[in-house]
Structures are given as structure tokens and as C-alpha cells.
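# Model the structure of this input:
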Amino acid sequence: MKKAMKRIAIFGTHGAAKTTLVYKLATYYKMNDKNVTVIHETARQSPFPINMDTVYQTTLFVVASQLQKELQAEAQGFEFAISDRALSDAFIYINHLKRGNTLTKSLEDFCFEWLRQYHVLVYLEPTEGYAITQDGVRASDEKYQLAIREDFRRQVDKMQKKFDNKLNIINAESNQIFDENQCTNLIEQINRSINEQVKHVHMV
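A predicted model of the protein is given here:
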């Protein structure tokens, strides 16, 4: 019987070192002979505007693209899929701009249910005073960045309340990712939490 694929999602606001952690985690699992794939952030491939110019079609595209990639990874038999963002992240931006509609609202409910599929969710924030690297894609407006961070904090609270604190969410900051010892500890914490979940499922 084929083992269920382990899903890990790294999510959070701009410049929190999400992508760096994604690659470090992928390297860790590959070095431990695990069959792992990375689900890259899909917003960067969107044919529709993103960030402060987001429209409802952007949200539909981002969610549909990421969901397709996660399902393809499962069908292809990967042991681990590490996603650069959770499926529900897309709604932060459309809701912040109040440009959502009945389609995005219905899809948001589905994506919140999909959060149960992730074995661990790692919520990352930029460490205070950490300068966000501008790459020509990230929103550069500091007020907007801070507002999105607050929206993410509210979403994490909403996630915990909806699922009665049963989602496996690990909180971390960007400085942990760039410190070798702290990053090693974080990766080991992520791996332990997955193993504990698997053991619990087998025991139930």
C-alpha cells in the first residue's frame, strides 16, 4: 500500500525567507534519501496582476495552479511535497483590497478545509528590523507590507479558531532561517512534528 504524501506548506508575508526555508527543507529530505518535490509560488506565474493590483481572476488562477501542482505531486508518488505558500494565502491579498466576490468567497471556504491536508504549516514573519530584498515582484510599499503582515496574523488566529487549535502550525522568524544552528533546529522540529502525527494516526 502506497504511503500518503506528506504535505508541508511555508506561508506568511513578504520577505519572510519562505523560499529559502523551502529549499533548505528540500535539501534536508533529499540528503535523507526522501523523494521530495517543491511546489513553487504560483503568483509569480500569474497572467493577471498581483500584489496591490490583484483582481479576483488572480486569486482563482493562483489557487487552481497550486492545487493542480499539489495533486500532480501526489499522483507522481512523491513522499514529501513542500509548498512555497499555503493554498489559502491567495485570499489575503484579494480580501485586503476588498475585491473579492461570491466565487472567491466560495473558493476560500474550500481552501480553508484544504488546510487539513497539510501535515505541518510553518508560519514565517520577517524579524523586526530585517530589510526586505526587492526583487521586482514583491510589493515595495512598506505600509502595504505591514498591513499584509497584520492580515496574515489575523488569518492564523482564524485558522486556529476554526480548527480548535488542531492544525499543526509552527511559528518562526526569518532570522532563524539565516542562522545555521537555529535553522537546523527548526527543520528538526518540523520533521519531528510530522513523525509524531504519522505515529498518532497509526495508533488511532
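# so where does the nearest residue to residue 182 once chain neighbours are set aside fall, helix or strand?
Taking Cβ to Cβ, 6 or more residues apart in numbering as the measure, residue 182 lies nearest to residue 176, with 4.1 Å between them; neighbours along the chain are not counted. From N, CA and C alone the C-beta is placed, and that goes for glycine too. Taking DSSP states H and E as the criterion, residue 176 maps to helix 174-178.
# and that helix, which residues are buried?
For helix 174-178, a neighbour-count test (16 or more other Cβ atoms under 10 Å) marks 174, 176, 177 as buried.
# the strands in the chain, which residues?
6-12, 36-39, 80-84, 120-125, 169-173 (DSSP state E).
# Looking at those strands, which one is packed in the most?
Using mean count of other Cβ atoms under 10 Å, the stretch among the strands of the chain with the largest mean neighbour count is strand 6-12, at a mean of 26.
# partners of that one in the sheet?
When pairs are called by DSSP bridges, strand 6-12 turns out to pair with strand 80-84 (parallel), strand 120-125 (parallel).
# ok, residues contacting the first one?
Applying Cβ atoms under 8 Å, 6 or more residues apart in numbering, the contact partners of strand 80-84 are 5-10, 18-19, 22, 25-26, 29, 34-41, 66, 70, 73-74, 118.
# just stretch 10-19 next, same as before
Looking at what lies outside stretch 10-19 - Cβ under 8 Å, 6+ apart - the contacts are 21-22, 25, 41, 82-86, 88-89, 121-126, 130, 132-133, 138-139, 145, 148-149, 152, 173-174, 177-178.
# Let me see the contact set for the most centrally placed residue in the chain.
Central residue check for the chain by Cα atoms, centre = their mean: the C-alpha nearest the mean position is that of residue 85, 2.6 Å away. When contacts are counted by Cβ under 8 Å, 6+ apart, residue 85 is found next to 9, 10, 11, 18, 41, 42, 43, 66.
# which stretches of the protein have low pLDDT?
Applying pLDDT under 70 to the predicted model, the residue ranges of the chain that meet it are 1-2, 129-140, 198-204.
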